[in-house]
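[1] A structural model of the following input is requested.
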Amino acid sequence: MAFTGATAGLAAGAQTNDTRLDYALEATYKVSPTGNYQALRITGDSLSRSQTTSRPDEINEIKEVAQSVVTQISASGSISGALSTTTYDDFLSGVFGDDWLATPPSVTVSATATATLTSKSAAAGGHDLISGSISFASFPDHGTVRVLDPTNQIDAFVPYISLDGGLRLVGGMLPVTADTALSNGSTITLADIENSNVDKTFTIRKKILGNFLMYPGSLINQAQIQLQQGQFGTVSFDLLSANEVRSQTDLATSVLPAPTGKVHNTVNNFLGCWINGVQPEGCVTTATLTFGRDGSGSDYGLGHADACGVRSGSFTASGSIEFYFRTWDQYQQMLDDVQAPVVIKTADDAGNGYAIVFKNAALRNGKIPTSGKNQTFKVSFDLEGNPAEESEGTCAIFRLVGAFHDNTPANAVTQDGNPVTLGGSPVTLTDKS
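    A predicted model of the protein is given here:
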C-alpha cells in the first residue's frame with residue numbers, strides 16, 4: 001500500500017522556520033501602529049527582555065536577603081541577515097537619521113546645459129570645480145554627488161560644496177588632471193541618503209505559536225555591513241527597545257512581503273574600493289562598515305518600569321578594510337594623516353546595490369602582520385569617518401541600478417568610452433619600449 005500524509009506531533013516545540021519577523025515605523029514613540037507591517041528576511045535574532053532588580057539590605061535574624069523589587073525593564077538585541085538590495089533600507093535610514101530620496105536631484109549635460117570640470121581650480125582653492133551653463137538650483141548647498149561620464153571614463157562619488165552656481169568638489173577624486181568638458185549625456189546626481197537629524201523608532205514583531213512578541217520603541221543604534229572573501233555579504237542591526245510585550249492581537253492590517261532580491265556575493269558582486277580616489281593595488285579580502293548612534297540610550301522615570309524616552313545619540317561611521325600588501329601608498333597616507341573619501345561598491349547579480357561613501361575618512365592603526373611561512377602579506381586599517389571638510393555629513397549611500405563589475409584592463413582600447421573587443425575579449429595595448 002502507498003503511505004501518504006504527514007506525521008502529527010513531530011516537533012518538540014515551535015519551529016524557527018515558522019517564525020515571522022516584521023516591523024513598522026512608529027508615528028509616536030512606543031505606540032505600536034496599526035496598518036501595514038513589512039516582513040523582513042533574517043538569518044537570526046537575539047531580541048530579549050531584561051529586568052533589573054534591587055533589594056534592600058534589611059537586617060533580620062533569619063539571615064536571608066530581603067524581597068527583591070523590579071526597578072527597570074528593557075529590551076535589546078540584534079537582527080542579522082544576508083545582504084540583499086533594499087531589504088534593510090528602512091533600518092539603514094533609522095541609523096542614518098534621514099529618509100531615502102524617492103528621486104534624488106540629477107542634472108544631465110547637453111548642448112544647452114554645459115559643464116566643465118576644472119582640475120585644481122584656483123577659484124576653488126585648489127579643489128576641482130564643475131561649472132558652466134548647467135544649473136544646480138535643485139541641489140542643496142552641500143552633499144555628495146555621483147559624476148558619471150562614460151566617454152571620459154569618469155564614474156566618481158564626490159562630496160561637494162556649492163560655489164558661485166557650480167560645485168566645488170574634493171580634489172583628486174576624478175581621474176583627470178586637466179580641464180575637461182563633460183560629454184553630452186553625462187549626469188551629476190545627488191546621493192540617495194546622507195546622515196541627518198531625523199529621529200526614528202520602530203515596532204518590531206516576532207510571531208511564535210500564534211502570539212506576537214512586540215518590541216515597541218525600537219531605536220536602531222548600530223548597523224554593520226560585512227563583505228569577506230569566501231562569504232556572502234552579511235548585515236546586522238543592534239536595537240534598543242522600550243520593552244518586550246506579549247500580544248495575542250494582530251495589529252497589522254496586512255504584512256507586506258519581504259523583498260526578493262538576490263543575496264550579494266563577494267566575487268562578481270563586489271564592485272571595488274577607492275581610498276582617496278585610488279583603488280588599492282592588492283585585492284581586498286575584507287571590508288566591514290559600521291554605522292552607529294554614539295551616546296544613544298533609554299531614559300527611565302517613576303511610575304513605570306520601562307523606558308519613557310530614548311536618546312538617539314550622534315551618528316558615527318567607522319569600519320575596517322584588509323587587502324593584499326603590494327605598495328606603501330595607503331600606509332603612507334595613514335602616516336601622513338590624510339583624510340579623504342573612501343568608497344565601497346557592492347551589488348547583486350542584477351547590478352542593483354549600493355555605493356557607500358565615507359565623505360572624509362582617515363586610515364588608522366595600520367597592521368602588516370607576519371602570519372607564517374609561505375603566506376602573502378596583508379595590510380589592514382581601521383576606517384574612521386569624519387564630517388566632510390568645511391561642511392556637514394559623514395556618510396552617504398547611492399543606490400546603484402544595473403551596475404556591474406568592470407573587468408576591463410587598464411590598457412584596453414576604447415571607443416566612445418566602451419572597450420573594443422575581439423572574440424569577446426578586450427583589445428589591449430602592449431608597451432614595446
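[2] so where is this protein shaky, pLDDT-wise?
    Across the chain, the ranges flagged by pLDDT under 70 are 1, 122-123, 404-433.
[3] show me where it has its helices.
    Taking DSSP state H as the test, the helices found in the chain are 89-96, 329-335.
[4] tell me the helices and strands packed up against the last one.
    In this case it means helix 329-335. Where contact means 3 or more C-beta pairs under 8 Å, 6 or more residues apart in numbering; DSSP states H and E, helix 329-335 is packed against strand 353-367, strand 378-385. Glycine gets a C-beta too; all of them are placed from N, C-alpha and C.
[5] just the first one next, same as before
    Packed against helix 89-96 by the contact rule (3+ C-beta pairs under 8 Å, 6+ apart) you find strand 193-194, strand 202-208, strand 211-228, strand 284-294, strand 395-400.
[6] export those strands to CSV and tack on distance to Ser247 and mean neighbour count?
    Below are the helices and strands packed on helix 89-96 laid out as CSV (distance: least, C-beta to C-beta, whole Å; neighbours: other C-beta atoms under 10 Å):
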stretch, distance to Ser247, mean neighbour count
strand 193-194, 32, 24
strand 202-208, 8, 22
strand 211-228, 5, 22
strand 284-294, 27, 20
strand 395-400, 34, 23
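[7] and the ones you listed as a markdown table, adding distance to Phe325?
    Shown next, in a markdown table, are those (distance: least, C-beta to C-beta, whole Å):
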| stretch | distance to Phe325 |
| --- | --- |
| strand 193-194 | 33 |
| strand 202-208 | 42 |
| strand 211-228 | 18 |
| strand 284-294 | 11 |
| strand 395-400 | 27 |
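[8] Ala113 is nearest to which of these?
    With C-beta to C-beta, the closest approach to Ala113 among the helices and strands packed on helix 89-96 belongs to strand 395-400: 21.8 Å.
[9] domain map for this structure?
    As assigned by automatic domain parsing, the chain contains the domains 17-54+68-100+196-400, 106-190.
[10] closest one to Ile62 among those domains?
    Comparison of those against Ile62 by C-beta to C-beta identifies domain 17-54+68-100+196-400 as nearest, at 16.0 Å.
[11] follow-up on the earlier one: okay, the domains of the chain in JSON lines with distance to Glu61 next?
    As requested, the domains of the chain are arranged in JSON lines below (distance: least, C-beta to C-beta, whole Å):
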{"stretch": "domain 17-54+68-100+196-400", "distance to Glu61": "20"}
{"stretch": "domain 106-190", "distance to Glu61": "71"}
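[12] what about those domains, which gets the closest to Gly5?
    Of the domains of the chain, nearest to Gly5 by C-beta to C-beta is domain 17-54+68-100+196-400, at 19.4 Å.
[13] give me the distance from that closest one to the chain's centre.
    Chain-centre distance of domain 17-54+68-100+196-400: 7 Å, with C-alpha atoms, centre = their mean, to the nearest Å.
[14] list the contacts for Asp98?
    With C-beta atoms under 8 Å, 6 or more residues apart in numbering as the criterion, the residues that contact Asp98 are Ile193, Glu194, Asn195, Ser196, Asn197, Val198.
[15] oh sorry, the question was meant for Asn265
    Residues in contact with Asn265 (C-beta under 8 Å, 6+ apart) are Phe232, Gly233, Asp349.
[16] doesn't His264 make contact with the first one?
    Yes: if you go by C-beta atoms under 8 Å, Phe232 and His264 touch, sitting 6.6 Å apart.
[17] okay, and the common contacts of the two?
    Common neighbours of Phe232 and His264 (criterion: C-beta under 8 Å, 6+ apart): Ala82, Leu83.
[18] between these two, who's got more neighbours?
    Neighbours were counted for Phe232 and for His264 using other C-beta atoms under 10 Å; His264 has more, 25 against 18.
[19] could you find the closest non-adjacent residue to the more buried one?
    Spatial nearest neighbour of His264, excluding adjacent residues (C-beta to C-beta, 6 or more residues apart in numbering): Gly233 at 3.7 Å.
[20] that neighbour: how many residues sit nearby?
    Gly233, neighbours per other C-beta under 10 Å, totals 22.
[21] quick one, phi psi at it?
    Per-residue torsions, Gly233: phi -70, psi 140 (degrees, to the nearest 10).
[22] contact partners for it?
    Gly233 touches Ala82, Leu83, Ile225, Gln226, Leu227, Val263, His264, Asn265, Thr266, Asn269, Thr346, counting by C-beta under 8 Å, 6+ apart.
[23] redo that, cut-off 7 Å
    Applying C-beta atoms under 7 Å, 6 or more residues apart in numbering to Gly233 gives the contacts Ala82, Leu83, Ile225, Leu227, Val263, His264, Thr266, Thr346.
[24] same question, Thr327
    By C-beta under 7 Å, 6+ apart, the contact set of Thr327 is Glu281.
[25] same question, Phe136
    Phe136 makes contact with Val107, Ser162, Gly165, Leu167, according to C-beta under 7 Å, 6+ apart.
[26] out of the contacts of Gly233, which one sits closest to Trp274?
    Thr346 (13.0 Å).
[27] my read: the closest one touches Gly272, true?
    No: between Thr346 and Gly272 there is no contact, the gap being 9.1 Å when judged by C-beta atoms under 7 Å.
[28] and these two? Which one has more around it.
    A direct count of neighbours by other C-beta under 10 Å for Thr346 and Gly272 places Thr346 higher, at 25 against 14.
[29] for Asn265, see how far away that one is.
    9 Å (C-beta to C-beta, to the nearest Å).
[30] repeat for Asn360
    30 Å.
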